[in-house]
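Peer 1: Predicted model follows, preceded by the sequence.
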Amino acid sequence: MSDSITGCGYHPLKYALSWILWPALFVTCMAVTAYGFKIEQPIIFFNIAYIFLIISLFFLEKWMPHERAWLNPDGQNIASILHTLSSKGTVQGILIFSGTIGLVGLFENPDYGVWPSDWPLWAQVCLGVVAAEFPLYWVHRAGHETAFVWRFHAVHHSVTKLWFLNTGRFHFVDSLLSVVFGTAVLIAMGAPLEVMRWHLAITAFIGMLTHCNVEMRFGWINYVFNTPALHRWHHSKDLKEGNRNYGENVMIWDHVFRTYYDARYRPPVDIGMKDYMPARFSKQILWPFLPVSLKKRLEPGFEPLPFIKEEH
C-alpha cells in the first residue's frame, strides 16, 4: 500500500515518527478532551487540544511534508479560512437554534429509541461514531454521485493541495447536510448529549489529521480509520481513485459498500477537479446557486462540463 513510499527521503527519526505521529496526536487530543469531560470543562479542553493539533501540524508540515510541492502557496488561504468560518458558523447556528427550540433536551434525558444507555461510555461513543457514519457516508457519496449535491461539495475538491488549513473548507450547505443527517441518526436512536459531544470532537480531530500534509505511515490503521493516506486518493482527479473512501471518521461503510481504495503506488500530487471554480470566496459561495448563463457573465473563461459520476 501507499505507506511504503516516502515523500521526504529516508531519515531515521522522521521514518520512526511517521509510524507513531497519527496515533500519538489523536490519542493526545482525546486524552486532553477526556480530562475536560472529567472536570466538566469539555469545551475549554477540546479547544486546547484542537489548538495543540493545529500548531503541531503547522510545524510538522514544514519539517516532514508528504508533498513538498504542497508547501507552495495556492492563493486560497483566505478563501479556505472564510469557508471554515462560514461552515463552522452554520454548525454553531444549528446548535444555538436547537437549544432555543428545545432539541438539545432530546439528548439530555432520552427516554425513547434503542440506545444502550447501560453500556460503558467508551462503547457508547464507538457505537455513536459508527451509527452517525452511515448517513455521513451516504451524504458524502451523494456529493460525488449526484450533480446537485456535487455543486456544493465541489468547493472542497477545488483545492490543488492538501494541508491542515483545508480541513474546514466546505460550502456551508455541504456542512449543513452532513450535520443534519449525522445528528438525526443519533437523535432517532436516543443517544445522550455526551455521546454527541464526543462524536463532534472525534470528527474534528480526525478531520484535521486527514487533510494534513505530513509524511505518515499507518499499517492496519488504514483499514479502520480515515487517514491522510486514504484521503489523498479521495482528492485524485482520476474518478476511479477519487470516488472512493467516503468515510468521515471510520472506513466501515466503505468496506461494506466496496468503495474502500488504497494502492501500492504513490497518490497523485496533482489533485483537484476538472470542473471550474472561481478563485474568490464570494463567488465560490454563490457558484452552486447560479445558472450557467450568469456564471459565464461573471467568469468569461467558464465552460460547463457534463457531470460524470465515474470514469470507465
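Peer 2: Yes, it's here. Residues are numbered from 1 along each chain as shown.
Peer 1: Going by C-alpha atoms from here, please, whenever you check contacts or count neighbours.
Peer 2: Noted.
Peer 1: can you list the weak-confidence ranges in the stretch 101-250 of the chain?
Peer 2: Residues of the stretch 101-250 of the chain meeting the criterion pLDDT under 70: 101-112.
Peer 1: which residues of it fall in helices?
Peer 2: With helices called from DSSP state H, counting those that start in this stretch, the stretch 101-250 of the chain shows them at 105-108, 121-145, 147-157, 172-189, 193-210, 221-224, 228-234, 239-242.
Peer 1: Val214 reaches Ser56, doesn't it?
Peer 2: No: look at Val214 against Ser56 with C-alpha atoms under 8 Å: they stay out of range, at 10.4 Å.
Peer 1: So those two - more neighbours on which side?
Peer 2: When neighbours are counted by other C-alpha atoms under 10 Å, Val214 and Ser56 differ, and Val214 comes out ahead with 30 against 12.
Peer 1: any idea how far the more buried one is from Arg141?
Peer 2: According to C-alpha to C-alpha, to the nearest Å, Val214 and Arg141 sit 26 Å apart.
Peer 1: Same check on Pro73?
Peer 2: 29 Å.
Peer 1: Check Val32 too.
Peer 2: 32 Å.
Peer 1: Next, format the helices of the stretch 101-250 of the chain as a markdown table and append distance to Ala49.
Peer 2: Listed next are these as a markdown table, based on distance: least, C-alpha to C-alpha, whole Å:
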| stretch | distance to Ala49 |
| --- | --- |
| helix 105-108 | 24 |
| helix 121-145 | 18 |
| helix 147-157 | 24 |
| helix 172-189 | 22 |
| helix 193-210 | 9 |
| helix 221-224 | 21 |
| helix 228-234 | 19 |
| helix 239-242 | 31 |
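Peer 1: Among the ones you listed, show me which one is buried the most.
Peer 2: Mean neighbour count, computed with mean count of other C-alpha atoms under 10 Å, is highest for helix 228-234 among the helices of the stretch 101-250 of the chain, reaching a mean of 25.
Peer 1: Can you pull out the residues in contact with it?
Peer 2: Here helix 228-234 makes contact (C-alpha atoms under 8 Å, 6 or more residues apart in numbering) with 2-3, 162, 209-213, 216-218, 222, 241-246, 261-262, 267-268.
Peer 1: out of these, which are buried?
Peer 2: Neighbour-count burial (16 or more other C-alpha atoms under 10 Å) is assigned, among the contacts of helix 228-234, to 2-3, 162, 209-213, 216-218, 222, 241-246, 261-262, 267.
Peer 1: Buried residues, stretch 67-76. List them.
Peer 2: Glu67, Arg68, Trp70, Gln76.
Peer 1: Looking at those residues, which one is closest to Val250?
Peer 2: Val250 has its nearest neighbour among the buried residues of stretch 67-76 in Glu67, at 24.2 Å by C-alpha to C-alpha.
Peer 1: Help me confirm that that closest one comes into contact with Met216.
Peer 2: No: Glu67 is beyond contact range of Met216, at 11.3 Å (criterion: C-alpha under 8 Å).
Peer 1: Pull the distance from the top helix by length along the chain to the chain's centre.
Peer 2: Taking DSSP state H as the criterion, the chain has its longest helix at helix 12-38. Relative to its parent chain, helix 12-38 has a centroid offset of 18 Å by C-alpha atoms, centre = their mean, to the nearest Å.
Peer 1: elements contacting that helix?
Peer 2: helix 42-63, helix 193-210 (3 or more C-alpha pairs under 8 Å, 6 or more residues apart in numbering; DSSP states H and E).
Peer 1: and stretch 291-305, how far apart are its ends?
Peer 2: End to end - C-alpha to C-alpha - stretch 291-305 spans 13 Å.
Peer 1: and if you look at stretch 284-293?
Peer 2: 16 Å.
Peer 1: Please spell out which residues along that stretch are buried.
Peer 2: Residues of stretch 284-293 classed as buried: Gln284, Ile285, Trp287, Pro288 (neighbour count, 16+ other C-alpha under 10 Å).
Peer 1: what does it contact?
Peer 2: Residues contacting stretch 284-293 (C-alpha under 8 Å, 6+ apart): Arg151, Phe152, Val155, His171, Met277, Pro278, Lys295, Pro304.
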